[in-house]
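Q: I need the structure of the sequence given here:
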Amino acid sequence: MQTLIETLLKKFPEAALAANVDTARGEVSVQVRAANILDVARYLHDAPEASFDHLTDICSADYPSDQERFEVIYHLLSLPYGRRIRLKARVPEDNPVIDSVTSVWRGAEFLEREVYDMMGIRFAGHPDLRRILLPEDYAEGYPLRKDFPTEGKGWRSQFDFIPRLDELPVEQIDGEIPDAQKKPFLAGTGTSGTRRQEELLLNMGPQHPSTHGVLRVVLELDGERIVKATPDLGYLHRGVEKLAEGLAYMQVIPHTDRLDYVCAMANNYAYVRAVEKLLGITVPERAEYIRTIVAEMQRIVGHLFWLGTQALDIGAMTVFFWTFREREILLDLFEKLCGARLTLNYYRIGGVDSDFTPELVQRLKTFLETFPQKVSEYDSLIAANRIWLGRTKHVAVISAEDAINFSLTGPTLRGSGVAYDVRKLEPYGVYHKVDWEVPVGKNGDTYDRYWVRMEEMRQSARIIAQCLDQLPPGPIMADAPQYIPPPKQQVMRDMESLIHHFIIFTQGFKPPKGETYCATEAPKGELGFFIISDGSPRPYRLKIRSPSFVHMGAFDHMARGYLISDIITIFGTYDIVMGECDR
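A: Numbering: from 1, shown residues only. Next up is the predicted model:
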């Protein structure tokens, strides 16, 4: 990586301003002039010695006291070399404009729109630069700017409703309806010889049972074929990134549960790992084993939920009942472990909240004895079913090259034959101490993504079984008194521990100044947390790289040419949850 940085500085002496190598966290960032961002990005993507083919995320930070107020941050990943780099460019408040990198990575389209929507930075050359989470007529500013209040400004949207045709004046009905009034009803009207062609505009959602949350998609149709599918996000405002700026680091953990509420443990894990990376905390071995076990339990729960609902959307009801049968067993174990079943709040900075008991170990082993056979049962119901095959084979096909270019991750990327898994590339927990494989598909269709998730459940069972056999004794929380409160038993009977507990929970802890990005392999894909610390007890900036949001950026590409009925299947194949999409 050092050689690459030297090459970059020599090749772009005026563009690359400075490079920072954080050896403690294993991160590299390069400050670039905003005017040269496109040239540097194209070099990093195209040059064989760089090959940063995956745009993981684009985010921004606001520094109101600086002359160049806004910073745009690009997180890049080289899949061939397995390394990351962070590009950073500054733009002034009076003209916050920077070139779009959509010509280099197509996944930048949604990511740049989010930065524009939340921070007001404009991207020159973007093909469709408009708000993505807020209404287009939102006039109260940009929510992630520091001068925007956390509680909002009380703005209410105004809609100008188009009158129905039977409400139009008689002379307009008898004559030609003005173009402005045609647009809501028809798009692409034209003639070809004597044949009249029309594209029908169809609204799907946001209240639709198969959109997996409040998601609206505007479909342009030629008959029953999809000509264009435009996702309209932003119906579910979590506001977690803005809220985090006013919360102590430990107070953010319960908010992560509400992102992907189907797989809350994965969110907890991703967040606490990012904070631990920022603090430089080493987690005890037993806690690492427990975390890995629970993360894989959550992966199974998430994939069971996905399989049941995907099969139900397509028309197979029995699969839904069977998958929820096994899911209930694991949710009962979660309840025994931490007292909750859905929003779990179990992981802690430095470890976990409660230990695995011998009873839990035995019940989990009993579950694993039969679970692989249960997965085979699901397979026997649908793997060769002609309706299932007809709805999934050769549907929503995306090539490996396109999947990478659209920044896809997780089973959606591995279904296209790309063996990228954060647990292998950047091992964490105890994934490097157990034997398991990364399943990959061949054709990049909906069936391959189904097959990958089925195999992942089997691999998760393998990982859990090995972790249970290797589970060592020891503490479940790290020994770092400046960041971690003392055990509750000591707090109840020791005055010094009580004072220590009181200070940590009332004032919070102060991490060192710096920034870090930490990626975790969640059931839906790469879930990353980017934290900027100014040394205060609260994050200066917290950015969540959620797979559901990124995957929706490829929706139009994957939907074109397929039938209306396939739209339901494509929603399902991503395994999206709108709670993390509309963060």
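
Q: how near is residue 374 to residue 318?
A: Note on residue 374: its distance to residue 318, by CB to CB, to the nearest Å, is 13 Å. The way it works is simple: take the backbone N, C-alpha and C, and place the C-beta from them, glycine included.

Q: give me the more crowded residue out of those two.
A: For residue 374 versus residue 318, neighbours defined as other CB atoms under 10 Å are more numerous around residue 374 (18 against 14).

Q: SS state for that one?
A: helix (DSSP: H, G, I helix; E, B strand; the rest coil).

Q: pull the number of nearby residues for the residue lying closest to it once chain neighbours are set aside.
A: Take residue 374 and drop its neighbours on the chain: the residue closest to it by CB to CB, 6 or more residues apart in numbering is residue 326, 5.6 Å away. By other CB under 10 Å, the residues close to residue 326 number 21.

Q: now do the contacts for residue 326.
A: By CB atoms under 8 Å, 6 or more residues apart in numbering, the contact set of residue 326 is 300, 304, 367, 371, 374.

Q: what element comes up after the helix or strand containing it heading to the C-terminus?
A: For residue 326, the host element (DSSP states H and E) is helix 317-338. Moving toward the C-terminus from helix 317-338, the next helix or strand (DSSP H and E) is strand 347-348.

Q: give me the contacts around that next one.
A: The list of residues contacting strand 347-348 from outside it, by CB under 8 Å, 6+ apart, reads 250, 253, 265, 268-269, 271-272, 291, 294, 353, 477, 484.

Q: apply 7 Å and report the result again.
A: Strand 347-348 has contacts (CB atoms under 7 Å, 6 or more residues apart in numbering) with 268-269, 272, 291, 477.

Q: name every strand pairing with it and say which way it goes.
A: Using DSSP bridges, strand 347-348 pairs in its sheet with strand 351-352 (antiparallel).

Q: now do the partner strand: everything it contacts.
A: 283-284, 287, 290-291, 346, 476-478.

Q: over to stretch 140-153?
A: 62, 64, 118-120, 155, 241-243, 246.

Q: same thing with stretch 219-233?
A: The contact list for stretch 219-233 (CB under 7 Å, 6+ apart) reads 132-133, 187-188, 199-202, 204, 215-218, 552, 555-556, 559-564, 567, 581-582.

Q: again, but for stretch 71-78
A: For stretch 71-78, the surrounding residues in contact (CB under 7 Å, 6+ apart) are 44, 50-61, 63, 84-91, 98, 115, 121, 517.

Q: which members of the contacts of stretch 219-233 are classed as buried?
A: Buried members of the contacts of stretch 219-233, counted by 16 or more other CB atoms under 10 Å: 132-133, 187, 199, 201, 204, 215-217, 552, 555-556, 559, 562, 564, 567, 581-582.

Q: mind checking how far residue 45 is from residue 52?
A: For residue 45, the distance to residue 52 - CB to CB - is 6 Å.

Q: let me see the domain layout of the protein.
A: Taking automatic domain parsing as the reference, the chain has its domains at 2-124, 240-581.

Q: dump these into JSON lines; add distance to residue 138 and mean pLDDT as well.
A: Below are the domains of the chain laid out as JSON lines (distance: least, CB to CB, whole Å; pLDDT from 0 to 100):
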{"stretch": "domain 2-124", "distance to residue 138": "8", "mean pLDDT": "91"}
{"stretch": "domain 240-581", "distance to residue 138": "15", "mean pLDDT": "92"}
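
Q: distance to residue 146 for the ones you listed - can I get that in CSV?
A: Below are the domains of the chain laid out as CSV (distance: least, CB to CB, whole Å):
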stretch, distance to residue 146
domain 2-124, 5
domain 240-581, 8
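
Q: can I assume residue 398 is in contact with residue 556?
A: No: using CB atoms under 7 Å, residue 398 is not in contact with residue 556, being 11.6 Å away.

Q: residue for residue, what is the longest helix this structure has?
A: Of all segments of type helix in the chain, defined using DSSP state H, the longest is helix 285-314.

Q: buried ones in it?
A: Neighbour counts over helix 285-314 (16+ other CB under 10 Å) mark 285-314 as buried.

Q: what's the answer for stretch 53-70, then?
A: Applying a neighbour-count criterion of 16+ other CB under 10 Å, one finds 53-63, 69-70 buried in stretch 53-70.

Q: cool, and stretch 453-473?
A: 453-468, 471.

Q: ok, the closest residue to residue 123 other than its chain neighbours to residue 132 distance?
A: In space, and not counting its chain neighbours, residue 123 is closest to residue 100: 4.0 Å by CB to CB, 6+ apart. According to CB to CB, residue 100 and residue 132 sit 14 Å apart.

Q: go on, residue 478?
A: Distance of residue 478 to residue 132, given as CB to CB: 39 Å.

Q: just checking the distance from stretch 362-374 to the centre of its chain.
A: 30 Å (CA atoms, centre = their mean, to the nearest Å).

Q: likewise for stretch 21-34?
A: Mean-position distance between stretch 21-34 and its chain equals 23 Å (CA atoms, centre = their mean).

Q: same deal with stretch 329-345?
A: Relative to the chain's own centre, stretch 329-345 is displaced by 23 Å; criterion: CA atoms, centre = their mean.

Q: can you give me the end-to-end span of it?
A: Stretch 329-345 stretches 19 Å from its first residue to its last (CA to CA, to the nearest Å).

Q: buried sites along it?
A: Residues of stretch 329-345 classed as buried: 329-331, 333-334, 337-338, 344-345 (neighbour count, 16+ other CB under 10 Å).

Q: same question, stretch 252-266
A: 252-253, 255-266.

Q: and the contacts of it?
A: 238, 240, 243-244, 267-268, 271-272, 294-295, 298, 301-302, 305, 342-346, 520, 522-524, 527, 544, 546, 577, 579-580, 583.

Q: make it 6 Å
A: 240, 244, 267-268, 271, 294, 298, 302, 305, 343-345, 522-523, 577, 579-580 (CB atoms under 6 Å, 6 or more residues apart in numbering).

Q: hmm, back to that, restricted to strands, list the buried residues of stretch 53-70.
A: 54-62, 70 (DSSP state E).

Q: quick check: the two most widely separated of those?
A: Farthest-apart pair in these is 54 and 62; separation 26.4 Å (CB to CB).

Q: residue 38 contacts residue 100, correct?
A: No: Residue 38 is beyond contact range of residue 100, at 7.8 Å (criterion: CB atoms under 6 Å).

Q: these two: who's more crowded?
A: residue 100 (20 against 17).

Q: list the contacts for the more buried one?
A: 112, 123, 125-126.

Q: gap between it and residue 233?
A: Residue 100 is 19 Å from residue 233, by CB to CB.

Q: then residue 83?
A: Residue 83 sits 31 Å away from residue 233, going by CB to CB.

Q: show me which of these two is the more surrounded one.
A: Taking other CB under 10 Å, residue 83 and residue 233 do not tie; residue 233 has more neighbours (25 against 18).

Q: quick one, grab the pLDDT at that one.
A: Residue 233 carries a pLDDT value of 89.

Q: so what does it look like in phi/psi?
A: Main-chain dihedrals, residue 233, degrees, to the nearest 10: phi -90, psi -170.

Q: which other residues reach stretch 122-134?
A: Residues outside stretch 122-134 that contact it (CB under 6 Å, 6+ apart) are 97, 99-100, 102, 112-114, 116-117, 136, 233-234, 582.

Q: among the residues you listed, name the ones in strands.
A: Short answer: those in strands (DSSP E) are 97, 99.

Q: which of the contacts of stretch 122-134 are buried?
A: In terms of neighbour count (16+ other CB under 10 Å), the buried residues within these are 99-100, 102, 112-114, 116-117, 233-234, 582.

Q: show me these that map onto helices.
A: Judged by DSSP H, the subset of these located in helices is 112-114, 116-117.

Q: what residues does whatever helix or strand residue 89 lives in touch?
A: Here residue 89, judged by DSSP H and E, is contained in strand 83-91. Where contact means CB under 6 Å, 6+ apart, the residues beyond strand 83-91 that reach it are 1, 28-32, 34, 37, 68, 70-77, 98.

Q: sweet, I'm off.
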